[in-house]
Structure formats: C-alpha cells, structure tokens
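# here's a sequence, model it:
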Amino acid sequence: MSSQPHPPGLPPGAVQEVSAGVYAYIQPDGSWFINNTGFLVGRRGVISVDACATERRTRAYLAAIGAITDQPVRTLINTHHHGDHTFGNYLFGGATIVAQDGVRDLLLAWGQPVSAPIWTEVDWGPVELAPPFLTFRDGVTLWVDDLRCELRYVGAAAHTGSDSYLWIPDRRLLFAGDLLFNGSTPFLLQGSVSGALRALDQLRELDAATIVPGHGAVCGPEVIDAVADYLRFVQDVADRGRAAGLAPLDAARQTDLGRFADLLDPERIVGNLHRAYAEADGVPPGGPIDYLAALTGMIAYNGGQPLRCLA
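I've put the predicted structure just below:
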C-alpha cells in the first residue's frame, strides 16, 4: 500500500487574516513537515505561533510577515518540539522563544533534521537547533496590545509529550498546533491516543469559532470531532489486532481505512497502532516505545519506499 499521491509541485504558503490583526500562514498541502504557523501584529511587535521546517520555508514565512508589517517578531511560540514547527527557530533573531517546560529537552533530544532512510530527501538548509529559553509549566498569558492570548499546556501527553495551544478568548480563535490535523492523518507516535482524545475534550470546551490546525486549512470546531473519530478508529483497530495476535503492521495491512483513506499520509496508521498497542500493554501515555520499529513499519506499509516529504 502506498501513500496518497501528492501534487508534483506545491503552491507557496498563504497568509489568511482570521481576525483583526491575527493571521494564519497556511502551507499546502499539510503533509509530512509542511505545517501551519500564524502571527499576531501589535503596535510594538509581532508574536509568531511556530516556525517552519526548512530554511527556505521559514524565510518565506518571515517575508510574508514583513509584507503585512514592519514590526519585528519579538516572541516566538513553539506549540511542541517537532521539527516542522521548530527547525526554523534560529532564523527569528532577537525573538524570545516560549514553550512548555518539556519542549526544550524534547527538541534537543530530537536533534538535527534527517531525511533518509525514513523520508525522501529534503533541503533543510543550515539548521541550528534553537530551543525555547522561556518555559512555563501550565500556561502563560501573552498580550498583543489589549488582546489577551492564553498559551496553555494540555496537561499530559497527546500529539507529543508537551503540547500547547494558543487560545484567544475574545475572538473565539484557537491556534491548535498538531493537536488538530485537517485533511491529513493525525500522528501520535510520540504522544498518546487516549491522551489526545482527552485533549480534544479540552479543546471542545473552548467553544472556538475559528481554528488554525497544525496542518491543513483553517476550519471550525467540526475538525475536533473528525480527529476524535479517527483516534477512536485507531483504538478499535488496535483492540481487534491485539485480540487476533497481529503485529501493528499486519493489523494495519488488514484494515480498510474506509472514510479515512483520503487523508494524506495514511501510513501513519502503523505508528499510531504502535502507540495504541503500547498503551494497551501498560506503557504510560508518552512513554518510550520502539520508534524505529514503528517508522520502519510505516515504510513497509508504504511499499518499502521512503515516506514522501515535499518540505
């Protein structure tokens, strides 16, 4: 089985004003390492929500900010440690990098970007790891002029071990990071399937009107239920696979993805099953598992080919 086909060339990222002075930067097509960011413009500076994966993409994002305002980016939020949201940190010279306590160590443990043998080759550029140097335990409030913005830790492992989201209550606007994917397959290998479902309950209670997901188009709260449906599907496949004595890869191969077949990067089902199996076997949410086995299983599911990355 192979990944969903990607277009031979992707359009550049696009700025979308999602509320007055608040912008999403949407990068099609939202597949591996092609994430969304966003920024808030105030009278004295800009807050950015995440960086991009490569030098080229991050410079294009900074140029997009510069086309809106000549104010500098004074604060850079990292919603979690994954490289598509953090590898470009080093290009935000002078910005205070803010994240939940766990992100710093996780980012440093992740290390420099690599492509082969997991992904197709990517031109990352001269990445310098730049971890957050202002961290918080549960949350922190940021202000853009008089606009209150609440950066909140979800409280436990979900997409990763240290996910946060930015909630702007007066605008009912949510920057969800990778707690939410729109149009691509959610990925829980370094997090928790059950924890992600609990995180979705937390997001649902916000009653957001507009959501900027970590990947995919700007959307409304309906995306929360769509992601929850997929996660419950993963749990069901894991239960049936374990009962039948199947390894995660075999369970994935024998599963009809059904209504989830059109999501980008369907091979993530294998990594998600590795996490769901581990949880069922008593591994705590976010606890260490055999990541190499999960990644090689995704490659096997992908017809033995490296996973296609167009970052």
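# what does stretch 169-176 contact?
Stretch 169-176 has contacts (C-beta atoms under 8 Å, 6 or more residues apart in numbering) with 18-19, 22, 24, 38, 49, 79, 147-148, 150, 165-168, 203, 206-214. All C-beta atoms are positioned from the backbone trio N, CA, C, and that covers glycine.
# tell me which residues in that stretch are buried?
By 16 or more other C-beta atoms under 10 Å, the buried positions in stretch 169-176 come out as 171, 173, 174, 175, 176.
# now stretch 224-232: buried residues?
For stretch 224-232, a neighbour-count test (16+ other C-beta under 10 Å) marks 224, 226, 227, 228, 230, 231 as buried.
# contact partners for residue 140?
Shown in contact with residue 140 (C-beta under 8 Å, 6+ apart): 98, 151.
# quickly find the element holding it.
According to DSSP states H and E, residue 140 maps onto strand 139-144.
# please save the CA atoms from the next helix or strand after that strand in CSV.
Following strand 139-144 in sequence order, the next helix or strand is strand 147-153 (DSSP H and E). Extracted C-alpha coordinates of strand 147-153, given in CSV (Å, rounded to 0.1, in the frame of the first residue of the first chain):
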residue,chain,number,x,y,z
LEU,A,147,-5.8,41.5,23.3
ARG,A,148,-5.4,38.7,25.8
CYS,A,149,-3.8,35.4,24.4
GLU,A,150,-3.7,32.3,26.6
LEU,A,151,-0.9,29.8,25.9
ARG,A,152,-2.0,26.6,27.6
TYR,A,153,-0.4,23.2,28.2
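# quick check: longest helix of this structure.
helix 222-243 (DSSP state H).
# now do the next helix or strand along the chain from it: everything it contacts.
Heading C-terminal from helix 222-243, the first helix or strand you meet, by DSSP H and E, is helix 248-253. For helix 248-253, contacts defined as C-beta under 8 Å, 6+ apart pick out 1, 237-238, 240-241, 244, 269-270, 273-274, 277, 294, 297, 300-301.
# and those, which is the shakiest by pLDDT?
Lowest pLDDT within those is found at residue 1 (38).
# on that earlier part again, what does the longest helix of the chain contact?
Applying C-beta under 8 Å, 6+ apart, the external contacts of helix 222-243 come out as 180-182, 185-186, 188, 193-194, 196-197, 200, 203-204, 211, 213, 247-248, 250-252, 254-255, 260, 263, 269, 272-273, 276-277, 280.
# buried ones among the contacts of helix 248-253?
237, 238, 241, 269, 270, 273, 274, 277, 294, 297, 300, 301.
# just list the residues touching the residue nearest the centre of the chain, thanks.
Computing the C-alpha centroid of the chain and ranking residues by C-alpha atoms, centre = their mean puts residue 178 first, at 2.8 Å. For residue 178, the contact set (C-beta under 8 Å, 6+ apart) comprises 35, 79, 80, 82, 85, 159, 160, 163, 187, 213, 214, 215.
# which residue sits closest to the spatially most distant residue from the centre of the chain, ignoring its sequence neighbours?
Using C-alpha atoms, centre = their mean, the residue of the chain lying farthest from its centre is residue 244. It sits 31.9 Å away. Nearest non-adjacent residue to residue 244, counting by C-beta to C-beta, 6 or more residues apart in numbering: residue 251, 7.5 Å away.
# now the one you found: how far from residue 238?
7 Å (C-beta to C-beta, to the nearest Å).
# in strands, which of the contacts of stretch 169-176 fall?
Among the contacts of stretch 169-176, DSSP state E puts 18-19, 22, 24, 38, 49, 147-148, 150, 165-168, 210-214 in strands.
# could you flag which of those are buried?
Buried members of these, counted by 16+ other C-beta under 10 Å: 18-19, 22, 24, 38, 49, 147, 165-168, 210-214.
# can you tell me which of these is nearest residue 154?
residue 165 (7.1 Å; C-beta to C-beta).
# what's near enough to touch the closest one?
For residue 165, the contacting residues are 79, 151, 152, 154, 174, 175, 176, 177, 179, 203, by C-beta under 8 Å, 6+ apart.
# excluding its backbone neighbours, what's nearest the third one?
Same thing as residue 152. Here the residue nearest residue 152, using C-beta to C-beta, 6+ apart, is residue 139, at 4.4 Å.
# looking at it, the one you found is touching residue 151, isn't it?
Yes. Using C-beta atoms under 8 Å, residue 139 is in contact with residue 151, at 6.0 Å.
# tell me the angle of the longest strand along the chain relative to strand 164-168?
In the chain, taking DSSP E as the definition, the longest strand is strand 173-181. Using axes from the mean of the first three to the mean of the last three C-alpha atoms, to 10 degrees, one finds that strand 173-181 and strand 164-168 are set 150 degrees apart in direction.
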